[in-house]
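J.: Predicted model and sequence follow; I will ask about them next.
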Amino acid sequence: MTTTTSKAMIRFEDLRQEFTLTGNTFTALDGVSLDIADGEFVTVVGPSGCGKSTMLNAAAGLLDPTSGRVMVDDREVDGPSTRTGVIFQQYALFPWLTVRKNVEFGLELKKVPAKERRVIVDHYLELVGLTRFAEALPKELSGGMKQRCAIARAYAVNPEILLMDEPFGALDALTRVHMQEQLLKTWTQERRTVMFVTHDVDESVFLASRVIVMAARPGRIFKEIKIDLPYPRTEEMRLSDEFARLRTQVWEAVYHQPGVAEAHQ
Ligand SMILES: Nc1ncnc2c1ncn2[C@@H]1O[C@H](COP(=O)(O)OP(=O)(O)OP(=O)(O)O)[C@@H](O)[C@H]1O
């Protein structure tokens, strides 16, 4: 399926990704073509193993495509870039650095002056609720707190593109909802382009202006669902009939695909 929007920030062009394991070649992605517009918020959902992370890793420049390519702002992706912030579910922090120093790390690399760094770090620590833990080491934090620290670190360098792979998966339900709201708040203010992989159908609908549903064997785009709910998204919206209708639509596209029910029997 090909989707064309006016100005693509991320463009997948007929991407095919094969992996060879113990002599067997496996096609993780086949014929993936997709445009994600500048400033757009796209979520990617689909059954386990359909290639969601592979697609995100290709956009992050962490893979060498078998054929096809990924373009960012009309340039072929051939490795990681500072324009792109990547947040994984299990994000490794530097264990020897405090929370503050972890968040500050990318800013030091970018040679941001110390005074400015402090303001930025304070802002993002507050955003993720870690102000009181600024001087703690990662080993002193819970899993959810570590993840929030990783998120603050990625946001702090203000990348144009955020690639997020199940970033809130390890958080408790309340923190997760808070982080979704905060992510949308920063996105509406700063309009980064976001590609967000999730297993959670509610999350996919709440965040996105477009949900991409993938199918497996081989991994490919199965359906796109436009989410016409206005921003800012509110708690009332989550409980609305329109949200319920969209959630059902995405749910059916993910779980009523041919072969999905059988794969889980
Ligand atoms: N580096 C790799 N080497 C070999 N196989 C891989 C590699 N990365 C992914 N795969 C395989 O490619 C397929 C797609 O994996 P991927 O992690 O992209 O799926 P996913 O949709 O993100 O899955 P999940 O929802 O379970 O996280 C899987 O069958 C996986 O085993």
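T.: Perfect, thanks for sending it. Just so it is clear, the model here is predicted, and its values are computed rather than measured.
J.: so which strand or helix has the spatially most central residue of the chain?
T.: Compute the mean C-alpha point of the chain, and by CA atoms, centre = their mean the closest residue is M164, 2.0 Å away. For M164, the element it lies in under DSSP states H and E is strand 161-165.
J.: That strand packs against which elements?
T.: Where contact means 3 or more CB pairs under 8 Å, 6 or more residues apart in numbering; DSSP states H and E, strand 161-165 is packed against helix 52-59, strand 84-87, strand 193-197. Backbone N, C-alpha and C define where each C-beta goes, glycine included.
J.: Quick one: those as JSON lines, columns for mean pLDDT too.
T.: Formatted as JSON lines, the helices and strands packed on strand 161-165 follow (pLDDT from 0 to 100):
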{"stretch": "helix 52-59", "mean pLDDT": "96"}
{"stretch": "strand 84-87", "mean pLDDT": "89"}
{"stretch": "strand 193-197", "mean pLDDT": "96"}
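J.: so which of those comes closest to the ligand?
T.: helix 52-59 (3.4 Å; CB to the nearest ligand atom).
J.: returning to that earlier point: tell me which of the helices and strands packed on strand 161-165 is the most buried.
T.: Comparing the helices and strands packed on strand 161-165 by mean neighbour count (mean count of other CB atoms under 10 Å), strand 193-197 comes out on top with a mean of 25.
J.: Tell me which strands that one pairs with, and in which orientation.
T.: According to DSSP bridges, strand 193-197 forms sheet pairs with strand 41-45 (parallel), strand 161-165 (parallel).
J.: Buried residues of the first one, list them for me.
T.: Going back to what we said before, that points to strand 41-45. Of all the residues in strand 41-45, those buried under the rule 16 or more other CB atoms under 10 Å are F41, V42, T43, V44, V45.
J.: possible to save the helices and strands packed on strand 161-165 as JSON lines with distance to K7?
T.: Output for the helices and strands packed on strand 161-165, formatted as JSON lines (distance: least, CB to CB, whole Å):
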{"stretch": "helix 52-59", "distance to K7": "17"}
{"stretch": "strand 84-87", "distance to K7": "17"}
{"stretch": "strand 193-197", "distance to K7": "10"}
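J.: Mind checking those for the one nearest to A154?
T.: Proximity to A154 (CB to CB) singles out strand 84-87 among the helices and strands packed on strand 161-165, at 4.2 Å.
J.: so which strand or helix has L174?
T.: Counting by DSSP H and E, L174 is part of helix 173-190.
J.: which secondary structure elements does that helix contact?
T.: Short answer (3+ CB pairs under 8 Å, 6+ apart): helix 173-190 packs on helix 143-156, helix 201-207.
J.: hmm, who's touching the shortest one?
T.: It stands for helix 201-207. With contact meaning CB atoms under 8 Å, 6 or more residues apart in numbering, helix 201-207 is reached by 41, 43-45, 168, 176, 180, 183-184, 194, 196, 198, 211, 227, 229, 233, 237-238, 243, 246-247, 250-251, 254.
J.: List buried residues within those residues.
T.: Buried among the contacts of helix 201-207 by 16+ other CB under 10 Å: 41, 43-45, 168, 176, 180, 183-184, 194, 196, 198, 211, 227, 229, 233, 238, 243, 246-247, 250-251, 254.
J.: Considering the strands paired with strand 193-197, which stretch scores lowest in mean pLDDT?
T.: Lowest mean pLDDT within the strands paired with strand 193-197: strand 161-165, a mean of 94.
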